[in-house]
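Peer 1: predicted model follows, preceded by the sequence.
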Amino acid sequence: MSSSGQSTEVPPAYPDAPLKGVAAHVSHTGLLAIIWTCYSVASLFVSLRLTVRWRQNGRLLFDDYWMVWAWLCVTTMAILQTVQTDSLWFFTYLTSGRVAANDPQVFPQMSQMLRFQFPVIKLFWTVLWSVKASFLAAFYPLVKPTKWIRICWFIVVAFTTIAYIGCWLASTLTCTNPGDYFKPGHCDEPFEKWMSRFNIIYSTSVDIASDVMIMALPIAVLPSLQLNRKKKIGLGIAFSIGFIIIAVALVRMSQILVGQTVDMIGLAIWGAIETMTAVIVGSLLPLKALLTRNIRNYTGKKSSQRSGLSHNKYVGDSSVGRGPEGLVPGRSRSVMVAESIPLDDIHSSNHKDGQIYVQKTYGMQVEQRTSSDDEIAMVGRAK
């Protein structure tokens with residue numbers, strides 16, 4: 001009893017107390033299995049990406065290095081999560097009532113969990129933002145020819161960079177006194193708990209916003225391409241694969257926020273799942289086998305002064321009378337040369353530095369004179 005007459009007795013431990021959140025459905029071994037399975041799958045896709053790039057170019061490109069950095073962060077994150085697992089489960093037992101608050105292991109175990117939690121969260125953000133940087137580097141050659149889209153690219157880069165810095169600042173300032181972050185029981189004020197929840201909402205929001213902005217850049221180029229609607233839709237879908245990361249991010253946020261608290265086991269599991277998803281999506285674009293192999297050469301529309309004719313028919317003919325395709329003498333038509341973005345070959349060694357390219361469009365005008373002795377004159381002009 002205290003001098004004020006109020007009991008200060010610590011509630012006893014209940015070894016069979018039900019666990020809360022995701023911990024009720026996942027065991028200690030199951031958590032480790034999920035973490036390393038996600039790591040293995042992510043490593044497989046990065047290896048495939050780098051193998052394809054090396055075989056195509058004989059070297060790695062700038063966007064590949066960002067993916068290598070992301071993989072290194074995933075590796076470090078998986079190792080730290082493994083070391084942190086024991087203290088993480090101790091914290092789960094403590095909050096569920098299976099461990100008494102006066103247990104002598106509370107302070108050392110909680111200190112260890114907090115020491116590892118800080119770098120794990122920072123590595124999680126670094127993986128996601130490294131994948132974003134890889135996409136930005138890959139898309140730049142595509143958007144560079146169009147001035148206003150190129151300006152938008154720089155704006156997106158600035159926003160993404162500021163958002164990443166904001167994630168670090170928000171996490172560092174969670175505690176009123178940043179030095180209390182690693183001291184158990186010193187960062188539990190209502191405002192500090194609110195900040196912990198705010199960090200997850202903020203980081204998820206800027207993560208989703210930056211993904212949408214990055215995907216919008218190549219999609220904005222599509223209307224200017226001489227492609228039919230079906231091909232444009234196909235390219236739009238290929239450029240929109242980042243929505244997979246967005247979906248996982250939303251699920252992650254909904255699963256780890258339990259009331260006013262954060263589910264730490266759920267945070268570990270969904271952190272591993274989202275980083276794996278980000279690395280997989282970031283590795284898809286260069287992989288021929290994982291993209292449609294039919295999107296290789298995109299042929300633009302042909303325009304004719306008489307009628308719309310098939311683009312793959314013979315254009316020139318030196319014969320007299322009726323021209324090719326029944327072209328009436330004295331008439332002319334123009335033909336669009338294919339404008340192509342071969343997605344599965346955008347980094348082949350045939351192109352300079354393995355960059356994405358857009359082939360210039362040319363108009364071909366065929367004119368046949370009325371005299372049977374005149375030849376067909378073909379004049380090419382750059383469009």
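Peer 2: Sure thing, it's come through.

Peer 1: hey, let's count contacts and neighbours off CA atoms from now on
Peer 2: OK.

Peer 1: quick one, what contacts the nearest residue to Leu287 once chain neighbours are set aside?
Peer 2: Excluding its sequence neighbours, the residue lying closest to Leu287 (Cα to Cα, 6 or more residues apart in numbering) is Arg49, at 6.1 Å. By Cα atoms under 8 Å, 6 or more residues apart in numbering, the residues touching Arg49 are 283-284, 286-287.

Peer 1: distance of Arg49 relative to Asp64?
Peer 2: Noted for Arg49: a distance of 8 Å to Asp64, by Cα to Cα, to the nearest Å.

Peer 1: report how many residues lie close to Val248.
Peer 2: For Val248, the count of nearby residues is 18 (other Cα atoms under 10 Å).

Peer 1: which residue comes closest to it once chain neighbours are left out?
Peer 2: In this structure, Val248 finds its nearest non-sequential neighbour in Glu274, 6.1 Å apart by Cα to Cα, 6+ apart.

Peer 1: wasn't the one you found part of a helix?
Peer 2: Yes: counting by DSSP: H, G, I helix; E, B strand; the rest coil, Glu274 is found in a helix.

Peer 1: any idea how far Phe124 is from it?
Peer 2: 9 Å.

Peer 1: mean confidence score for stretch 116-133?
Peer 2: Across stretch 116-133, pLDDT averages out at 93.

Peer 1: which residues touch it?
Peer 2: 63, 66-67, 69-71, 73-74, 76-77, 80-81, 84, 160, 164, 167-168, 207, 211, 214, 271, 275, 278-279, 282.

Peer 1: in it, what's buried?
Peer 2: Residues 116-117, 120-133 are the ones in stretch 116-133 that count as buried (16 or more other Cα atoms under 10 Å).

Peer 1: mind checking which of those residues are in helices?
Peer 2: Using DSSP state H, the members of the buried residues of stretch 116-133 that fall within helices are 116-117, 120-133.

Peer 1: farthest-separated two in those?
Peer 2: Phe116 and Ala133 (25.7 Å; Cα to Cα).

Peer 1: could you pull out the helices for the stretch 101-250 of the chain?
Peer 2: Ranges of helices within the stretch 101-250 of the chain are 106-143, 147-172, 190-221, 229-239, 243-256, based on DSSP state H, counting those that start in this stretch.

Peer 1: which helices and strands sit right next to the helix or strand hosting Trp69?
Peer 2: Using DSSP states H and E, Trp69 sits within helix 62-96. In this structure, helix 62-96 packs against helix 28-57, helix 106-143, helix 264-284, with contacts taken as 3 or more Cα pairs under 8 Å, 6 or more residues apart in numbering; DSSP states H and E.

Peer 1: show residues contacting the last one.
Peer 2: Surrounding helix 264-284, the residues in contact under the criterion Cα under 8 Å, 6+ apart are 21-23, 31, 34-35, 38-39, 41-42, 45-46, 48-49, 67, 70-71, 74, 78, 81, 88-89, 92, 124, 127-128, 131, 134-135, 241-242, 244-245, 248-249, 252, 255-256, 290-291.

Peer 1: wouldn't Ile246 be in contact with Ser210 here?
Peer 2: No: when contacts are counted by Cα atoms under 8 Å, Ile246 is not listed as touching Ser210 (10.0 Å).

Peer 1: could I get the average pLDDT for stretch 44-55?
Peer 2: Per-residue scores along stretch 44-55 average to 90.

Peer 1: try stretch 174-190
Peer 2: On average, stretch 174-190 scores 74.

Peer 1: span of that stretch from start to end?
Peer 2: Where stretch 174-190 begins and where it ends lie 11 Å apart, using Cα to Cα.

Peer 1: identify each buried residue in that stretch, please.
Peer 2: Those would be 174-175, 181-182, 184, 187, for stretch 174-190 by 16+ other Cα under 10 Å.
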